[in-house]
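*Asks:* quick one: sequence plus predicted model below, questions after.
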Amino acid sequence: MSRGSRTDASLRDWRPGADRERLALRAEVLAGLRAWFSARGVMEVETPLLSPAGSSDPAIDSLETTLAGRSFFLHTSPEFAMKRLLAAGTGDIYQICRVFRAGEAGRRHNPEFTMLEYYRLGYDDRRLMDEVDELIRAVLGERQRLGPTVRLSYAAAMRRHAGIDPHGDATPALIDALWAADIDVPDSLVDDRDALLNLLLATVVEPRFDPSALTFLHDYPASQAALSRLRPGPPATAARFEVFLGGMEIANGFHELADAQEQGARFGQEARARAAAGRDCPPADRRLLAALAAGLPDCAGVAIGVDRLVMIAGGCETIDEALAFAIERA
């Protein structure tokens, strides 16, 4: 390649990844989301992008910056701040905002992306699944003809598509199921049951979902409860769901945990998991714990990937086609 051709290629980087048609589609999706919430009396809010607390999730890393000698983290989700608003009495709320996650880049990932997060008081995860189904269908409209919605418990999906019991089978059975599907198992995962389940879900189960149907996966293992309540068993399960379409996860919802003591214990567990994996351990969000102690209303909440909705509506192969400027063009 000549120097001139390299220069020409670098100059073309100024152009957006999304063409005008998809930029217009993105604007329509955002307007449609806001109109949908407005019609239902759900208030739009804004919360800070920066926080002195970072992500506690063992699988998600925050981006850090320094202001006046103090460390701050760009939020990976607006969830904690929005729960503080809920505890202060705002009622039903939603937010559409940029969120940031270090190390997330690829065909469907960008370190800076747009998330819709919303909360409904008096809802549990089951009722919220009904509404999320309605919302996604309304936003995609005629652009994406969807088949009947599929709902599967996590256990049913694992039995059907991987032949394992996610609540009872020991790690050797999970490894055997991965090997049977010709999936390599890294040595670092052989003793991590949840990591093996996640690998099975991503490589064996999700690819078998109907690409033309919304698939709701619910009742995750209790060990994967994250910020959700637990549903009594046996076995106990997390009051949590995820939504898949077109081979992608597009939403993650919870019947929200409101117990400050339990949330503090989970922060501690996550910090230990991060340390064991050699990850930094940012400060936990103590203001969230204070808000939970003051009283979080009974509610359910969900995070939806807006860029992925645009990808599906616009027939995009990569997230770059749904964004004005992905990280490579920033």
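*Replies:* Received the coordinates, thanks. Residues are numbered from 1 along each chain as shown.

*Asks:* now do the strand or helix carrying residue 265, average pLDDT.
*Replies:* In this structure, residue 265 is located in helix 260-276 according to DSSP states H and E. Averaging pLDDT along helix 260-276 gives 93.

*Asks:* what sits up against it?
*Replies:* The contact list for helix 260-276 (CB atoms under 8 Å, 6 or more residues apart in numbering) reads 56-58, 225, 227, 257, 280-281, 284-285, 288-290, 292-293. Yep, even glycine has a C-beta here, placed from its N, CA and C like the rest.

*Asks:* show me what the following helix or strand past that helix is packed against.
*Replies:* Where DSSP H and E defines the elements, the next helix or strand beyond helix 260-276 is helix 286-295. With contacts taken as 3 or more CB pairs under 8 Å, 6 or more residues apart in numbering; DSSP states H and E, helix 286-295 sits against helix 79-87, helix 260-276.

*Asks:* highest average neighbour count across those?
*Replies:* When you average the neighbours per residue for each of those (mean count of other CB atoms under 10 Å), helix 79-87 leads with a mean of 21.

*Asks:* average pLDDT for the next helix or strand after it, rounded please.
*Replies:* Sequence order places strand 93-100 as the next helix or strand after helix 79-87, per DSSP H and E. In this model, strand 93-100 has a mean pLDDT of 98.

*Asks:* what's next to strand 93-100, contact-wise?
*Replies:* By CB under 8 Å, 6+ apart, strand 93-100 touches 30, 33-34, 37, 42-47, 49, 62-63, 74-78, 82, 85-86, 111-119, 306.

*Asks:* give me the buried subset of the residues you listed.
*Replies:* For those, a burial check counting by 16 or more other CB atoms under 10 Å picks out 30, 33, 37, 42, 45, 47, 62-63, 74-78, 82, 85-86, 111-119, 306.

*Asks:* filter those down to just the ones in strands.
*Replies:* Residues of the buried ones among the contacts of strand 93-100 located in strands (DSSP state E): 63, 74, 112, 113, 114, 115, 116, 117, 118, 119.

*Asks:* from the contacts of helix 260-276, pick the one nearest residue 191.
*Replies:* residue 58 (14.7 Å; CB to CB).

*Asks:* confirm that that closest one sits in a strand.
*Replies:* No. Going by DSSP: H, G, I helix; E, B strand; the rest coil, the assignment for residue 58 is coil, not a strand.

*Asks:* which residue is the nearest non-sequential neighbour of it?
*Replies:* The spatial neighbour of residue 58 that comes closest, neighbours along the chain excluded (CB to CB, 6 or more residues apart in numbering), is residue 273 at 4.2 Å.

*Asks:* distance check, that neighbour against residue 239.
*Replies:* From residue 273 across to residue 239, the span is 21 Å (CB to CB, to the nearest Å).

*Asks:* repeat that for residue 152.
*Replies:* 16 Å.

*Asks:* who's more crowded, the two?
*Replies:* residue 239 (23 against 19; other CB atoms under 10 Å).

*Asks:* let me know the helix or strand that that one is in.
*Replies:* Using DSSP H and E, residue 239 falls in strand 237-245.

*Asks:* from the chain's centroid, how far away is that strand?
*Replies:* Centre-to-centre, strand 237-245 and its host chain are 10 Å apart (CA atoms, centre = their mean, to the nearest Å).
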